[in-house]
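Asks: mind looking at a prediction? Sequence and model below.
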Number of protein chains: 2
Amino acid sequence: RPRRTLNEVLFFPTETACVEHIFTSRSSDTCLCLLAHGVESSFTRLLRHILSASSSLDLCIFAFSHMDLSRAVCMLHRRGVTVRVIVDKDYVAITGSQIGVLRKAGICVRRSVGSVFMHHKFAVVDRRLLITGSLNWTLSAVQGNMENILVTEEPDLVKPFIKEFHNLWAHNDPA
Amino acid sequence: RPRRTLNEVLFFPTETACVEHIFTSRSSDTCLCLLAHGVESSFTRLLRHILSASSSLDLCIFAFSHMDLSRAVCMLHRRGVTVRVIVDKDYVAITGSQIGVLRKAGICVRRSVGSVFMHHKFAVVDRRLLITGSLNWTLSAVQGNMENILVTEEPDLVKPFIKEFHNLWAHNDPA
Ligand SMILES: [Zn+2]
Ligand SMILES: [Zn+2]
């Protein structure tokens, strides 16, 4: 029987919990930090979907200041996954912005051009899995706001985003 | 053969064009306004999906100032469609906010409670069709920003949003 097409919805805010085990693949029993352990949340689901990338991650994100998400993207880059990031040219400079961190790690980042907002918040994993919604990659969005993310492998939804990323990558500013 | 499940992606900004024919079902040949006519765009697609409601429209929107979208929602209400709207308590007061217009038309509106943003931008039509994405219902989002909207009938995606709306409606402020 063929595997069913993945379709999942994640809602935020989500409870705060340790995510160390997701990065290290060690058991969360061994972590000594003060956060809750063994909690599966919308945020751990999001992290796992991002970290499932084996060949490419195309990320188009209005605001990016969340350190665990930055850690996940840098980890993929170190693993040899091709990571491309498009950000809004104004919001690249928000407090705690991780864009400088990504660039220092050697990841290709392009800034939107023009006077309007690049308001997308989507990622495409391995040209197969779409992650999109209202959620910016910031701590207030993940832990504070009411937000949603859709995760889908449905080709009719994924393909237009692959094409849109291709167009935005070509037309935006490598500088 | 069963009808295929609708899955559609709309990108913005979109070209500015007359939408009068969508509201009046008259031919756009008869309109005398100065905008382009006969143009099918992401925005006309969005309007048509909203206006396809025959029994209910549940709308959960961070910012709502777009007059054509307000006109569509009011038209549904007049047709007897059950319309419920949840808005962010702070963004209810943005310039050109349509929330007062909806209330005056007799539509039930609830404001989010608490100190965080109600950052969703989704609508569920007839408990069947989900419209969600990065796009707020404002003129700058529709005509300026780079934005996306997904439109889907996939039950695995629609059902969680129906449940989320139900929860938000119950927990937010009718005042
Ligand atoms: Zn820990
Ligand atoms: Zn006209």
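Replies: Right, received. Where do you want to start? Ligands and ions are numbered 1, 2, ... in the order given.
Asks: every contact and neighbour count from this point should use C-alpha atoms.
Replies: Noted.
Asks: quick check, pLDDT for the closest residue in space to A:His66 that isn't next to it in sequence.
Replies: Residue nearest to A:His66 in three dimensions, not counting chain neighbours: A:Thr138, with 4.5 Å by CA to CA, 6 or more residues apart in numbering or on different chains. With respect to pLDDT, A:Thr138 scores 95.
Asks: now A:Ser27
Replies: The model's pLDDT for A:Ser27 equals 72.
Asks: so what pLDDT did A:Gly38 get?
Replies: On the pLDDT scale, A:Gly38 gets 87.
Asks: got the phi and psi for it?
Replies: For A:Gly38, the backbone dihedrals (degrees, to the nearest 10) come out as phi 70, psi 20.
Asks: near ligand 1, which residues of chain A?
Replies: A:Cys18, A:Cys31, A:Cys33 (CA under 5 Å from the ion).
Asks: by neighbours, which of these wins?
Replies: A:Cys18 (19 neighbours; other CA atoms under 10 Å in any protein chain shown).
Asks: need phi/psi at that one.
Replies: Torsion angles, degrees, to the nearest 10, at A:Cys18: phi -70, psi 140.
Asks: tell me the bridge partners for A:Leu57.
Replies: A:Leu57 has these beta-bridge partners by DSSP bridges: A:Val83, A:Val125.
Asks: can you name the residues that contact it?
Replies: A:Ile50, A:Val81, A:Thr82, A:Val83, A:Arg84, A:Ala123, A:Val124, A:Val125, A:Asp126, A:Arg127 (CA atoms under 8 Å, 6 or more residues apart in numbering or on different chains).
Asks: and the residues of chain A next to ligand 1, which is the shakiest by pLDDT?
Replies: Among the residues of chain A next to ligand 1, pLDDT bottoms out at A:Cys31, giving 87.
Asks: check the nearest residue to that one once chain neighbours are set aside and give its pLDDT.
Replies: Nearest residue to A:Cys31, sequence neighbours excluded (CA to CA, 6+ apart): A:Glu20, at 7.5 Å. Listed pLDDT for A:Glu20 reads 91.
Asks: give me the number of residues near A:Glu20?
Replies: A:Glu20, neighbours per other CA under 10 Å, totals 16.
Asks: surely it is in contact with A:Thr30?
Replies: No - with contact defined as CA atoms under 8 Å, A:Glu20 does not reach A:Thr30; the gap is 9.9 Å.
Asks: A:Val83 versus A:Ala105, what's the distance?
Replies: Distance, A:Ala105 to A:Val83, by CA to CA, to the nearest Å: 11 Å.
Asks: which one's more surrounded, the two?
Replies: Each of A:Ala105 and A:Val83 has its neighbours counted (other CA under 10 Å); A:Val83 has more, 22 against 14.
Asks: tell me the contacts of the more buried one?
Replies: So A:Val83 contacts A:Ser56, A:Leu57, A:Asp58, A:Leu59, A:Val73, A:Leu76, A:His77, A:Ile107, A:Cys108 (CA under 8 Å, 6+ apart).
Asks: for B:Leu76, see how far away the third one is.
Replies: Using CA to CA, one gets 39 Å for the distance from A:Asp58 to B:Leu76.
Asks: show me the contacts for the residue of chain A found nearest ligand 2.
Replies: Taking CA to the ion, ligand 2 has its nearest neighbour within chain A at A:Val116, 26.0 Å off. When contacts are counted by CA under 8 Å, 6+ apart, A:Val116 touches B:Gly144, B:Asn145, B:Met146.
Asks: nearest to ligand 1 among those?
Replies: B:Met146 (37.8 Å).
Asks: residue contacts, the closest residue to that closest one other than its chain neighbours?
Replies: With sequence-adjacent residues excluded and distances taken as CA to CA, 6+ apart, B:Met146 is closest to A:Met118, at 4.8 Å. When contacts are counted by CA under 8 Å, 6+ apart, A:Met118 is found next to A:Ile61, A:Phe62, A:Val87, A:Asp88, A:Lys89, A:Ser112, B:Asn145, B:Met146, B:Glu147.
Asks: what's the pLDDT at A:Ala93?
Replies: 85.
Asks: is the longest helix along chain A in proximity to chain B?
Replies: Scanning chain A for the longest helix, with DSSP state H as the assignment, gives helix A:155-171. Yes - Helix A:155-171 is in contact with chain B by CA under 8 Å from any CA of the partner chain, via A:Asp156, A:Leu157, A:Pro160.
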